[in-house]
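Visitor: Only the shape, not the letters, is given here:
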């Protein structure tokens, strides 16, 4: 038996005793050592996102292989791994287009399948990646960083450009670091929380702008607008401001996840007049190897983004902390 956190229905989650999974053909069982609490987990908890109830959440995780099923030659017990949670069929039209994130038979660990807010979870061996001697806490960033890499590939930051990231949470700071690594000459990040801005500056942002009084300070440091603007908040009113903060001919990436029924008031004529290109980004497309390589290289720093490490029954506390922007950066559970 093992302990697992179960979201039974929107707004209700509890830790239960349940059967420990076993590995079938092509699978491994992972002893979870670190699992990030993502905004998506909170959306599922609140009933604002995809999710089958009841569900064990948790899709940003790393751990130790403790059982190897038949037909798995690439892992052994004791291997340290991180896991790509999005599972595609490989057969449908989108998979054949190398757009596995839109797989018609899509499943996801921690969303439609039991996830990693548990002591153990079973995963396809094809979804597990060796992390070597990386700390588990760092390996658990493989999934969010892979999503960042997919979004940044769509935005196509060019050498010498200016990039504005709105939102200095963990993902916003990852986006800012990758923008710099893509060759941006000036990376600005905006937020209302001083501690987040300070950390963003320490991790390489050229400008860390306090927007508690509005976006005036951003407009002053980027007169005429940024070459590329990234929303990492998912807040509809902030999304609406991105159009005004991009230069003529600029590009916008909507990366933050808004509630499924949210509406942002964007003026189509302004988009037309400025000749803007607007992109969105949904999960990732097998960017896991690149994400791990960047973490190993140190070019993207993830360790300092973790502000809290909580036990499995700390999920409720984590939700409360994430609802208070002053309260936390990345929270990880250690089941």
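Guide: Great, that's in hand. Please read these numbers as outputs of a predicted model, since none were measured by experiment.
Visitor: use CA for all of it now, contacts and neighbours both
Guide: Noted.
Visitor: Please name the residues that touch residue 333.
Guide: Contact analysis of residue 333 by CA atoms under 8 Å, 6 or more residues apart in numbering lists 34, 35, 36, 37, 117, 309, 310, 311, 312, 314, 315.
Visitor: Checking the second one next. Helix, strand or coil?
Guide: For residue 35, the assignment made with DSSP: H, G, I helix; E, B strand; the rest coil gives strand.
Visitor: so where do the helices sit in the stretch 1-150 of the chain?
Guide: With helices called from DSSP state H, counting those that start in this stretch, the stretch 1-150 of the chain shows them at 39-46, 93-96, 136-139, 142-155.
Visitor: how about the first one: buried residues?
Guide: What that stands for is helix 39-46. 39, 40, 41, 42, 43, 44, 45 (16 or more other CA atoms under 10 Å).
Visitor: for those, which one is nearest residue 23?
Guide: Residue 23 has its nearest neighbour among the buried residues of helix 39-46 in residue 41, at 25.0 Å by CA to CA.
Visitor: If you tally nearby residues, what's the number for the closest residue in space to that closest one that isn't next to it in sequence?
Guide: Among residues not flanking residue 41 along the chain, residue 57 sits closest, at 6.3 Å (CA to CA, 6 or more residues apart in numbering). When neighbours are counted by other CA atoms under 10 Å, residue 57 registers 31.
Visitor: before we move on, what about residue 135?
Guide: 15.
Visitor: Quick check: phi and psi on it?
Guide: phi -60, psi 150 (degrees, to the nearest 10).
Visitor: if I look at it, how far off is residue 57?
Guide: 22 Å (CA to CA, to the nearest Å).
Visitor: hmm, back to that, OK, contacts around the residue nearest to residue 41?
Guide: Applying CA under 8 Å, 6+ apart, we find residue 57 in contact with 5, 6, 7, 41, 109, 110, 111, 114, 115, 116, 117.
Visitor: Can I get these in CSV including pLDDT and distance to residue 153?
Guide: Putting the contacts of residue 57 into CSV (pLDDT from 0 to 100; distance: CA to CA, whole Å) gives the following:
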residue, pLDDT, distance to residue 153
5, 97, 34
6, 97, 35
7, 96, 34
41, 92, 25
109, 96, 24
110, 95, 25
111, 93, 25
114, 96, 30
115, 96, 28
116, 98, 28
117, 98, 30
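Visitor: So which of those residues are in strands?
Guide: Members of these lying in strands (criterion: DSSP state E): 5, 6, 7.
Visitor: So which of the contacts of residue 333 is surrounded by the most neighbours?
Guide: Going by other CA under 10 Å, residue 117 tops the contacts of residue 333 with 34 neighbours.
Visitor: Spatially central residue for this structure, please.
Guide: Closest residue to the average C-alpha location of the chain: residue 144 at 3.1 Å, with CA atoms, centre = their mean.
Visitor: close enough to count as contact, it and residue 60?
Guide: Yes. Residue 144 lies in contact with residue 60 (CA atoms under 8 Å); the separation is 7.0 Å.
Visitor: How far does stretch 9-20 stretch from one end to the other?
Guide: Note: stretch 9-20 ends 22 Å apart using CA to CA.
Visitor: what's the spacing between it and its chain's center?
Guide: Here the centre of stretch 9-20 is set off from its chain's centre by 23 Å, with CA atoms, centre = their mean, to the nearest Å.
Visitor: Domain ranges for the protein, per the record?
Guide: Here the domain parsing of the chain from automatic domain parsing is 2-141+302-333, 148-280.
Visitor: so can I have a markdown table of those showing distance to residue 296?
Guide: Output for the domains of the chain, formatted as a markdown table (distance: least, CA to CA, whole Å):
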| stretch | distance to residue 296 |
| --- | --- |
| domain 2-141+302-333 | 7 |
| domain 148-280 | 14 |
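Visitor: out of the ones you listed, nearest to residue 288?
Guide: Distance to residue 288, taken as CA to CA, is lowest for domain 2-141+302-333 among these, at 6.9 Å.
Visitor: where are the low-confidence patches of the stretch 1-150 of the chain?
Guide: Applying pLDDT under 70 to the stretch 1-150 of the chain flags residues 50-51.
Visitor: one more time with 90
Guide: 39-40, 42-43, 46-52 (pLDDT under 90).
Visitor: could you redo the helices of the stretch 1-150 of the chain as JSON lines and give each row distance to residue 207?
Guide: As requested, the helices of the stretch 1-150 of the chain are arranged in JSON lines below (distance: least, CA to CA, whole Å):
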{"stretch": "helix 39-46", "distance to residue 207": "25"}
{"stretch": "helix 93-96", "distance to residue 207": "39"}
{"stretch": "helix 136-139", "distance to residue 207": "26"}
{"stretch": "helix 142-155", "distance to residue 207": "20"}
